[in-house]
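> A structural model of the following input is requested.
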Amino acid sequence: MAKIGYARVSTREQKLDLQLDALKQHGVERIFSEKLSGTKSDRPELLEMMKYVRSGDTVVVWKLDRIGRSMRDLINIVGEFEQRGIHFVSLKENIDTSSATGKLIFNIFASLAEFERDIISERTRAGIEAARTRGHKPGRKFTDADKISLALKMYDSKQYNIPEILKAAGISKTTLYRYIQQKR
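Model (predicted):
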């Protein structure tokens with residue numbers, strides 16, 4: 001039944017002091033901390049903390065955005081805590097999943113995130129269907145075979161540089177190199 005803290009700042013220049021002080025003041029016994037961007041999926045200290053915590057422990061963070069890269073990531077992490085019998089506390093948002101109110105608030109967050117994913121999915125499907133009714137085919141457009149043939153002939157002749165080939169054929173550099181790779 002230990003209190004375990006997790007603190008993170010995004011750059012090496014930033015300081016963890018504010019978070020560390022708040023966690024210690026809350027009675028946290030062990031703190032895992034790192035200086036990495038939240039967009040990184042590989043956060044070694046977070047992974048180490050996930051291995052360290054046991055059923056009955058409480059994970060404490062200063063703010064929700066310190067532990068989750070996105071709402072979905074946060075919900076997955078806290079969902080794993082719940083499955084493993086681990087409580088979660090966010091000091092700034094005053095969320096404590098060991099209480100009924102804390103669970104309710106977090107479940108509302110989870111529901112809102114799921115609702116947002118569903119809305120995005122519905123909009124995407126509706127947009128694709130609307131495009132189809134207007135005769136548009138969704139997805140990547142295929143490059144004209146004549147353009148590819150011209151580009152490859154110019155490339156093979158070794159008389160033209162890449163920018164000249166791209167301009168004459170009207171294709172992107174990525175497309176040119178993809179077809180050169182396929183040809184080999």
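> All the strands of the chain, residue numbers only.
Counting by DSSP state E, the chain has these strands, from start to end: 3-9, 30-35, 58-61, 87-90, 95-96.
> Of those, which is nearest residue 18?
The closest of the strands of the chain to residue 18 is strand 3-9. By CB to CB, the value is 8.9 Å. Glycine gets a C-beta too; all of them are placed from N, C-alpha and C.
> Give me the sheet partners of that closest one and which way each runs.
Partner strands for strand 3-9, per DSSP bridges, with pairing direction: strand 30-35 (parallel), strand 58-61 (parallel).
> quick one: average pLDDT of the shortest one?
So that's strand 58-61. Mean pLDDT, strand 58-61: 96.
> Check the offset of the top helix by length along the chain from the chain's centre.
What stands out as the longest helix in the chain, according to DSSP state H, is helix 100-133. The chain centre lies 17 Å from the centre of helix 100-133; the measure is CA atoms, centre = their mean, to the nearest Å.
> Could you tell me which residues within it count as buried?
Buried positions in helix 100-133, judged by neighbour count with 16 or more other CB atoms under 10 Å: 102-103, 105-106, 109-110, 113.
> quick one on the thing from earlier: just send the strands of the chain back as JSON lines, with mean neighbour count and distance to residue 136 too.
Shown next, in JSON lines, are those (neighbours: other CB atoms under 10 Å; distance: least, CB to CB, whole Å):
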{"stretch": "strand 3-9", "mean neighbour count": "22", "distance to residue 136": "44"}
{"stretch": "strand 30-35", "mean neighbour count": "17", "distance to residue 136": "46"}
{"stretch": "strand 58-61", "mean neighbour count": "24", "distance to residue 136": "46"}
{"stretch": "strand 87-90", "mean neighbour count": "23", "distance to residue 136": "45"}
{"stretch": "strand 95-96", "mean neighbour count": "20", "distance to residue 136": "45"}
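> Adding distance to residue 76, write the ones you listed out as JSON lines.
Listed next are the strands of the chain as JSON lines, based on distance: least, CB to CB, whole Å:
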{"stretch": "strand 3-9", "distance to residue 76": "15"}
{"stretch": "strand 30-35", "distance to residue 76": "18"}
{"stretch": "strand 58-61", "distance to residue 76": "14"}
{"stretch": "strand 87-90", "distance to residue 76": "12"}
{"stretch": "strand 95-96", "distance to residue 76": "16"}
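> Could you check how many residues crowd around residue 144?
By other CB atoms under 10 Å, 12 other residues sit near residue 144.
> and the gap between it and residue 150?
Residue 144 sits 9 Å away from residue 150, taking CB to CB, to the nearest Å as the criterion.
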